[in-house]
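[1] structure for this input, please:
(chains A and B)
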Amino acid sequence: MNMLAKATEITRPLLDSKVLSSGTRSLGVPGRLARGLGWFGIALGVLELVGSKRLARALGMRGYEGLIRGYGVREIASGVVTLSVNPAAGIISRVAGDGLDILTLLAAPQQGNAKRGNVRLALLAVVGVTVLDVICQKALADRHARSRGPVRDYSDRSGFPNGLSGAGAVARTGS
Amino acid sequence: MKALTWHGKGDIRCDTVPDPRIEHPRDAIIKVSSCAICGSDLHLLNGVIPTMKSGDIVGHECMGEVVEVGAENKKLKVGDRVVVPFTIACGECFFCLKGAFSGCERSNPNKSMAEKLWGHSPGGLFGYSHLLGGYSGGQAEYVRVPYADVGPIVVPEGLTDDQVLFLSDIFPTGYMGAEFCDIKGGETIAIWGCGPVGQMAIRSAFLLGAERVIAIDTVPERLVMARAAGAETLDFHEVDVYDEIQKLTKGRGADACIDAVGTEADATASFDSVLDRIKTATFMGTDRPHVLRQAIHCCRNFGVVSVIGVYGGFLDKIPFGSAINRGLTFRMAQTPVQRYLPLLLERIEKGQIDPSFVITHRATLEEGPELYKTFRDKKDGCIKVVLTP
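    Below is the predicted model:
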């Protein structure tokens, strides 16, 4: 089999896959932002999964390790969806997750929490990411949404130069 | 030269790449005058076709002028205007001699890779992954055509690019899908997918003598275009397709069903569509075969299920029990385009059909990446894009 493949090596383009310079591209800024957010979500999710104890300690939230690991799984799942062909669903799930994160941080113990500063910092970071997520979601929707305007009229495009009856005649007579 | 190249999921670019050159005496170099974005190119854009490499030139529907021919190529000469079939075939092997050009034994240099996945390798295709040869595609200013003494057909004078460009793929594919249905006259054919291939299948079914065509989609412009050819249409978001086909066929089912959708069926059409989407997103499935399942259910006993939409891997939950107990016939193929070219060219010349009806958008190569998105998102009534280098 390999011999046949080698014998037909003549069919392989020698100059293939050498890009000299790049021009326009289909992946717009919203798509690239979504991709970045998807990878960020996966990285954060892994961090929450494997470093839940440290995170809990840093935020003064001992006893919440299980919740942090759960959020890690959520981040990874939404990251995978965000990296898929249709990132909009992933970004929407990220926005929902951001809301949960914010609520959780707001509910974190404040009185007597020596790590209050870290909690505020985390809150600030989550709000920042939420803003990015919302911007990305809006941009993706604008870029990909199918317009709801009037339907283009293709009713004159039968493809049969002699009309539908002509097509029927072709079928009956063969010419 | 300029060419559209693949750089990962969602990322098609218009790059500058080296000009192709003759690599084998049977080759020809074509200066592309028109090329088109095919529905199956969207599978590349969406990253569902494996073994693509960054920088691969895409596109498998093209035509143009011969500017250089290899020493052994006696069929073409410089200046000929040709349409290039998307399937590459040597013309001499066991399958080519049977007319099954898309099964060519010699045109896929990476056949061992394909054999691991599919058991046996099909022939090579232009611009459609290294699994299928790694050939540079035709969405470019120039394209090298291997075995150019077999594939390309010389266009007679008087026919425009728009009339003949689709001989490269979608017209023969749609025609083959209808031909698979064994239409003798008076049949009811149900066709899923009113994209470019589906539109060609609708018209081909009528040309072959179908009495009724039921066309299924959800994009308004596509349904309008299907009705323009005389099809009855069903919007799968508005009605239950099975129930409607039952009603329209007095409970018997369609005589034949054509799946012109393939692996990326709408993810919201039904519960199984949603499950398919989840499975493919989480790498637990390779394809989304909702349409194939529905086509099987909607086909009458001893009818034909014709599959011309592209699938790539291992399909889940196919109701094979329904198929075997009711005697269905399955027919499918990557189109052996070369076999259909003379017949379909003659139909165009005789004015029986003008495939240019399907063109809705035109652009330059530089605008190609944006048009990929427009076509994928079905925006602006986009059904078929023709690019002019």
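
[2] ok, residue A:158 to residue B:226 distance?
    Note on residue A:158: its distance to residue B:226, by Cβ to Cβ, to the nearest Å, is 10 Å. For the C-beta atoms, the positions are set from N, CA and C on the backbone; glycine is no exception.

[3] the two - which one has more neighbours?
    Counting neighbours by other Cβ atoms under 10 Å in any protein chain shown for residue A:158 and for residue B:226 shows that residue B:226 has the greater number, 27 against 22.

[4] could you look up the SS state of the residue nearest to that one when sequence neighbours are not counted?
    Spatially, and ignoring its direct neighbours in sequence, residue B:226 is nearest to residue B:215 (3.9 Å; Cβ to Cβ, 6 or more residues apart in numbering or on different chains). When classified by DSSP: H, G, I helix; E, B strand; the rest coil, residue B:215 comes out as strand.

[5] and residue B:215, how many neighbours does it have?
    For residue B:215, using other Cβ under 10 Å, the count is 28.

[6] distance of it from residue B:258?
    10 Å.

[7] my read: residue B:25 touches residue B:73, true?
    Yes: the pair residue B:25 / residue B:73 is scored as a contact, 6.8 Å apart, by Cβ atoms under 8 Å.

[8] between these two, which is the more surrounded one?
    Ranked by neighbour count (other Cβ under 10 Å), residue B:25 and residue B:73 place residue B:73 first, with 22 against 12.

[9] nearest spatial neighbour of the more buried one, skipping sequence neighbours?
    With Cβ to Cβ, 6+ apart, the residue lying closest to residue B:73 is residue B:149, at 4.7 Å.

[10] related to what we said a few turns ago, for the residue nearest to residue B:226, name its beta-bridge partners.
    Beta-bridge pairing for residue B:215 (DSSP bridges): residue B:191, residue B:233.

[11] and stretch A:55-70, how far out from the chain's middle?
    27 Å (Cα atoms, centre = their mean, to the nearest Å).

[12] tell me the phi and psi of the closest residue to chain A within the stretch 51-200 of chain B?
    Residue nearest to chain A within the stretch 51-200 of chain B (Cβ to the nearest Cβ): residue B:55, separated by 4.1 Å. For residue B:55, the backbone dihedrals (degrees, to the nearest 10) come out as phi 100, psi -10.

[13] low pLDDT regions in chain A?
    Along chain A, segments meeting pLDDT under 70 span A:1-17, A:110-111, A:146-148.

[14] which residues in it form strands?
    A:21-25 (DSSP state E).

[15] got the contact list for the spatially most central residue of chain B?
    Residue closest to the average C-alpha location in chain B (Cα atoms, centre = their mean): residue B:170, at 5.0 Å. Applying Cβ atoms under 8 Å, 6 or more residues apart in numbering or on different chains, one finds that residue B:170 lies in contact with B:36, B:38, B:61, B:196, B:197, B:200, B:355, B:358, B:384.

[16] can I assume the fourth one is in contact with residue B:37?
    No: at 9.2 Å, residue B:196 does not count as touching residue B:37 under the criterion of Cβ under 8 Å.

[17] in the helix or strand hosting residue B:247, what counts as buried?
    Under the criterion of DSSP states H and E, residue B:247 resides in helix B:241-248. Using 16 or more other Cβ atoms under 10 Å in any protein chain shown as the test for burial, helix B:241-248 gives B:241, B:244, B:245, B:246, B:248.

[18] list just the nearest of those to chain A.
    Nearest to chain A among the buried residues of helix B:241-248: residue B:248, at 18.7 Å, using Cβ to the nearest Cβ.

[19] list the contacts for the closest residue to that closest one other than its chain neighbours?
    In space, and not counting its chain neighbours, residue B:248 is closest to residue B:214: 6.1 Å by Cβ to Cβ, 6+ apart. For residue B:214, the contacting residues are B:188, B:189, B:190, B:191, B:231, B:232, B:233, B:234, B:244, B:245, B:248, B:254, by Cβ under 8 Å, 6+ apart.

[20] that older thread, what sits in contact with each of residue B:215 and residue B:258?
    Residues touching both residue B:215 and residue B:258 (Cβ under 8 Å, 6+ apart): B:190, B:191, B:198.

[21] in the helix or strand containing the last one, what's buried?
    Translated: residue B:198. Element membership for residue B:198 (DSSP H and E) is helix B:196-207. Across helix B:196-207, burial judged by 16+ other Cβ under 10 Å covers B:196, B:197, B:198, B:199, B:200, B:201, B:202, B:203, B:204, B:205, B:206, B:207.

[22] just stretch B:350-361 next, same as before
    Neighbour counts over stretch B:350-361 (16+ other Cβ under 10 Å) mark B:352, B:353, B:354, B:355, B:356, B:357, B:358, B:359, B:360, B:361 as buried.

[23] so the first one touches residue A:169, yeah?
    No: in this structure, residue B:352 sits apart from residue A:169 without contact. The criterion is Cβ under 8 Å, and the distance is 9.4 Å.

[24] joint contacts of the two?
    Joint contacts of residue B:352 and residue A:169 (Cβ under 8 Å, 6+ apart) are residue A:162.

[25] got the contact list for residue A:169?
    Contacts of residue A:169 by Cβ under 8 Å, 6+ apart are residue A:162.

[26] if I look at it, how far off is residue A:43?
    In terms of Cβ to Cβ, residue A:169 sits 65 Å off from residue A:43.

[27] could you do residue A:66 as well?
    Residue A:66 is 21 Å from residue A:43, by Cβ to Cβ.

[28] who has more neighbours out of these two?
    residue A:43 (13 against 10).

[29] that older thread, who touches both of residue B:196 and residue B:37?
    residue B:384.

[30] helices along the stretch 151-300 of chain B, start to end?
    For the stretch 151-300 of chain B, applying DSSP state H, counting those that start in this stretch gives helices covering B:161-164, B:170-179, B:196-207, B:220-228, B:241-248, B:271-281, B:290-298.

[31] for residue B:199, which non-adjacent residue is spatially closest?
    Residue B:199 sits nearest to residue B:358 (Cβ to Cβ, 6+ apart), 5.3 Å away.

[32] give me every residue that touches that neighbour.
    Residue B:358 sits in contact with A:157, A:159, B:166, B:170, B:196, B:199, B:200, B:225, B:383, B:384, where contact means Cβ under 8 Å, 6+ apart.

[33] and the pLDDT for it?
    Listed pLDDT for residue B:358 reads 98.

[34] go on, the one 5 residues further on?
    Residue B:363 carries a pLDDT score of 97 in this model.

[35] residue B:309 and residue B:278, how far apart?
    On the measure of Cβ to Cβ, residue B:309 and residue B:278 end up 21 Å apart.

[36] which one's more surrounded, those two?
    Per other Cβ under 10 Å, whichever of residue B:309 and residue B:278 has more neighbours is residue B:309, with 29 against 13.
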